[in-house]
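J.: Structure for this input, please:
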Amino acid sequence: MSKPAMMRLDRLLANMGYGSRKDIQQLARLGAVTLDGVDIKKPDVKVAVSPDLSTRLMIDGEPLDPVPGMALMLNKPLGVTCSHKEAGPLVYDLLPTRWRGRNPAISTIGRLDKETSGLLLMTDDGDLLHRVIAPRHHVAKRYRVTLERPLNGNEGEIFAAGTLLLEGEEKPLQPAILEVLGDKEAFLSVTEGRYHQVRRMFASVGNHVTGLHRDRIGGLDLPEDLAPGDYRLLDELALAAIFAPS
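T.: Take a look at the predicted model:
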């Protein structure tokens with residue numbers, strides 16, 4: 001296991017959205033910064049940026065936010081957009097306000113469109129983000145699909161062939177797995193993240209998606225007790241599940 005990075009405390013806190021370095025110095029002078037129960041009067045001290053710092057370092061009597069390298073799952077509600085700046089409700093509005101001032105910023109790992117609900121991963125770890133979305137890692141995303149018309153019966157074969165070409169594209173889709181749940185309902189697992197991919201796949205076989213919900217990424221399921229709009233930090237076990245066979 002690699003050693004945690006060392007960083008000046010005032011810089012770390014400023015990067016985590018607690019204010020400017022001047023603000024951090026003021027907090028320290030007021031005795032509002034403690035590490036292992038001891039007041040930190042000089043915030044230029046270097047600290048090891050390890051996950052347990054969030055339980056050891058207190059700011060104004062509250063535990064430190066998750067240190068950089070964080071990842072979380074969000075149960076994205078319908079009507080919310082995966083964007084930093086579009087109009088209307090945004091997924092970032094569902095996180096603590098201070099987290100919007102973090103550097104590096106928290107980003108979604110891939111996107112769900114406004115009318116799709118379910119499992120959305122977010123992180124400030126660029127390496128993790130790219131590992132999940134890169135097609136070469138074959139991390140499957142499973143969607144529960146509700147359709148306007150009954151299935152024809154041949155969709156599973158068409159999607160699994162690896163030859164389906166979406167309108168306006170020149171490269172066929174990677175094979176996808178269809179699990180039929182009913183006449184108008186199915187799970188579809190894909191390993192790519194093309195623009196409106198699932199909706200366009202069903203459009204290519206003459207159907208229309210009326211409901212779309214993602215419930216699994218890799219081997220990580222959306223917990224039943226995580227309500228729409230709520231989020232949960234991911235621990236090492238959950239992160240490993242993303243890359244486990246689903």
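J.: from here on, contacts and neighbour counts on C-alpha atoms
T.: Will do.
J.: Report how many residues lie close to residue 53.
T.: Residues lying near residue 53 (other C-alpha atoms under 10 Å) number 18.
J.: If you could redo that for residue 82, that was the one I meant.
T.: Neighbours around residue 82, by other C-alpha under 10 Å: 20.
J.: For it, grab phi and psi.
T.: phi -90, psi 80 (degrees, to the nearest 10).
J.: Could you double-check that it sits in contact with residue 112?
T.: Yes. If you go by C-alpha atoms under 8 Å, residue 82 and residue 112 touch, sitting 6.6 Å apart.
J.: Just the pLDDT at the nearest residue to residue 133 once chain neighbours are set aside, thanks.
T.: Among residues not flanking residue 133 along the chain, residue 110 sits closest, at 6.5 Å (C-alpha to C-alpha, 6 or more residues apart in numbering). In this model, residue 110 is scored at 94, pLDDT.
J.: Contact partners for residue 110?
T.: 120-121, 133, 193 (C-alpha atoms under 8 Å, 6 or more residues apart in numbering).
J.: And it, how far from residue 4?
T.: 27 Å (C-alpha to C-alpha, to the nearest Å).
J.: Specify the beta-bridge partners of residue 177.
T.: residue 189 (DSSP bridges).
J.: again with residue 34
T.: What pairs with residue 34, by the bridge criterion (DSSP bridges), is residue 39, residue 58.
J.: any idea which of the contacts of residue 110 is closest to residue 24?
T.: residue 121 (30.3 Å; C-alpha to C-alpha).
J.: Torsion angles phi and psi at the residue most central in space within the chain?
T.: Centroid-nearest residue in the chain, with C-alpha atoms, centre = their mean: residue 121, separated by 1.4 Å. The phi/psi pair for residue 121 (degrees, to the nearest 10) reads phi -100, psi 150.
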